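**Student:** Need coordinates for the following:
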Amino acid sequence: MPAATPAATPQDPPRAAPRAALYTNVQRFSIHDGGGIRTVVFLKGCPFRCPWCCNPENLSFEPEVSWKGRLCIHCSMAEGGDGLVDCPRMPHECPTGAKELMGKPVDVDELFDLVMRDVTFYEESGGGVTLSGGECLAGPNLGAALELLARVHEAGVGTAVESTLAVPLSTDAVARLAQVVDVFLVDFKVADREGSRRVVLLDPELRDRNLQALSAAGVDLGERVVARMPIVPGYTDGPANVRANARRARELGIRRADVLPFHQLGEGKYDSLNKDYAMRGVRQLSDGDVAGIVAICQEEGLVTVVRGE
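**Tutor:** Predicted structure coming up:
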């Protein structure tokens with residue numbers, strides 16, 4: 001008698017392929033990006049052009065090669081050559097790391113595994129995972145960001161995003177962000193709309209509309225949003241600009257501001273990418289400058305923290 005044909009068994013529906021993104025760095029043990037000990041993922045690509053940007057490797061949405069002359073041993077080119085032009089080696093062939101690929105493709109499964117390696121530190125410190133960039137919610141980054149944030153949030157780990165929020169967001173994207181992001185670290189840069197659009201290509205009114213949409217979706221802006229204010233000589237450090245940003249943040253219901261004084265930590269990155277740097281040689285702010293800015297923010301009713309500390 002022929003054997004009976006096994007009954008068909010229900011199968012799980014095929015899982016959609018995880019979204020992919022380009023990232024440049026996974027920074028562990030950060031304490032300035034959302035509370036507690038955090039792992040910060042830097043997604044590559046940004047539609048804005050702040051002259052003071054300290055992460056120029058994250059401006060392009062495409063992979064780039066950087067070259068650090070101080071690490072180069074000239075194993076494949078003449079002394080004094082340009083490693084970005086004259087060296088025939090690919091970044092993965094460079095024995096010293098002088099040549100490096102900025103922008104590694106990765107899917108959400110891999111990123112999730114990377115950030116969850118630090119779960120013990122999150123649990124002990126009240127920390128979590130922060131997405132940054134570039135602009136982590138812009139263009140091709142948005143889908144991967146939403147998926148990763150949802151996975152991390154479902155695992156019971158705190159989530160944060162560092163964003164301008166000045167990017168187009170659908171109603172569905174806003175609703176999902178409201179559900180899976182615990183803390184929004186939102187940029188307040190050039191307060192004047194026309195000045196902002198001219199200098200950094202950013203529309204602060206779009207940011208404000210997105211904040212209002214998040215509020216309508218259930219986000220308490222006073223509890224879950226921090227206004228981050230980069231204070232840059234010649235661009236955002238004027239008292240009128242600081243006061244306008246502080247006042248706007250309070251009008252929106254935000255209660256905390258992080259004052260971020262300009263620094264020169266990104267200068268070497270421009271050199272390694274052979275990019276012009278508009279802020280080269282610009283002085284850093286004095287303690288007195290910073291104290292005056294903090295005073296303005298406090299006068300406008302904001303709890304104010306310097307450098308997110």
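**Student:** could you pull out the helices for the protein?
**Tutor:** Secondary structure of the chain (DSSP state H): helices located at 108-115, 119-125, 141-154, 171-180, 193-199, 204-216, 221-224, 239-252, 267-273, 287-299.
**Student:** In PDB, please show the C-alpha coordinates belonging to the lengthiest strand in the chain.
**Tutor:** When the chain is parsed with DSSP state E, its longest strand is strand 20-30. Output of strand 20-30 as PDB, limited to C-alpha atoms (Å, rounded to 0.1, in the frame of the first residue of the first chain):
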ATOM      1  CA  ALA A  20      19.800  48.300   3.900                       C
ATOM      2  CA  ALA A  21      21.700  51.500   4.700                       C
ATOM      3  CA  LEU A  22      25.100  53.000   4.600                       C
ATOM      4  CA  TYR A  23      26.800  53.700   7.900                       C
ATOM      5  CA  THR A  24      30.200  55.300   8.700                       C
ATOM      6  CA  ASN A  25      30.500  54.500  12.400                       C
ATOM      7  CA  VAL A  26      29.000  52.700  15.400                       C
ATOM      8  CA  GLN A  27      30.200  54.700  18.400                       C
ATOM      9  CA  ARG A  28      30.000  52.900  21.700                       C
ATOM     10  CA  PHE A  29      29.900  54.300  25.300                       C
ATOM     11  CA  SER A  30      28.600  57.700  24.300                       C
END
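**Student:** now do the same end-to-end measure for stretch 97-108.
**Tutor:** Using C-alpha to C-alpha, to the nearest Å, the end-to-end distance of stretch 97-108 comes to 26 Å.
**Student:** can you list contacts of it?
**Tutor:** Applying C-beta atoms under 8 Å, 6 or more residues apart in numbering, the external contacts of stretch 97-108 come out as 17-24, 44, 57, 60, 62-73, 83, 87, 89-92, 94, 144, 147-148, 151, 273. C-betas here are computed from N, CA, C, even on glycine.
**Student:** if we can go back for a sec, among the helices of the chain, show me which one is buried the most.
**Tutor:** Most buried of the helices of the chain by mean neighbour count (mean count of other C-beta atoms under 10 Å) is helix 141-154; its value is a mean of 21.
**Student:** So which elements touch that one?
**Tutor:** Contacting helix 141-154 under the criterion 3 or more C-beta pairs under 8 Å, 6 or more residues apart in numbering; DSSP states H and E are the following elements: strand 20-30, strand 38-43, helix 108-115, strand 128-132, strand 158-163, helix 171-180.
**Student:** any idea of the angle that helix forms with strand 128-132?
**Tutor:** Interaxial angle, helix 141-154 versus strand 128-132 (axes from the mean of the first three to the mean of the last three C-alpha atoms, to 10 degrees): 170 degrees.
**Student:** What average pLDDT does helix 141-154 get?
**Tutor:** In this model, helix 141-154 carries a mean pLDDT of 96.
**Student:** quick one: it to chain centroid distance?
**Tutor:** Average the C-alpha atoms of helix 141-154, do the same for its chain, and the two points are 14 Å apart (C-alpha atoms, centre = their mean, to the nearest Å).
**Student:** Likewise for stretch 208-220?
**Tutor:** The answer for stretch 208-220 is 20 Å, by C-alpha atoms, centre = their mean.
**Student:** Report the backbone C-alpha coordinates of that stretch in PDB.
**Tutor:** C-alpha atoms of stretch 208-220 as PDB (Å, rounded to 0.1, in the frame of the first residue of the first chain):
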ATOM      1  CA  ASP A 208       8.200  72.900  13.300                       C
ATOM      2  CA  ARG A 209       5.400  71.300  11.300                       C
ATOM      3  CA  ASN A 210       6.900  67.800  11.900                       C
ATOM      4  CA  LEU A 211       7.200  68.600  15.600                       C
ATOM      5  CA  GLN A 212       3.500  69.600  15.700                       C
ATOM      6  CA  ALA A 213       2.600  66.400  13.800                       C
ATOM      7  CA  LEU A 214       4.500  64.400  16.400                       C
ATOM      8  CA  SER A 215       2.700  66.200  19.200                       C
ATOM      9  CA  ALA A 216      -0.600  65.400  17.500                       C
ATOM     10  CA  ALA A 217       0.500  61.700  17.300                       C
ATOM     11  CA  GLY A 218       0.900  61.600  21.100                       C
ATOM     12  CA  VAL A 219       4.500  62.800  21.700                       C
ATOM     13  CA  ASP A 220       4.900  65.000  24.700                       C
END
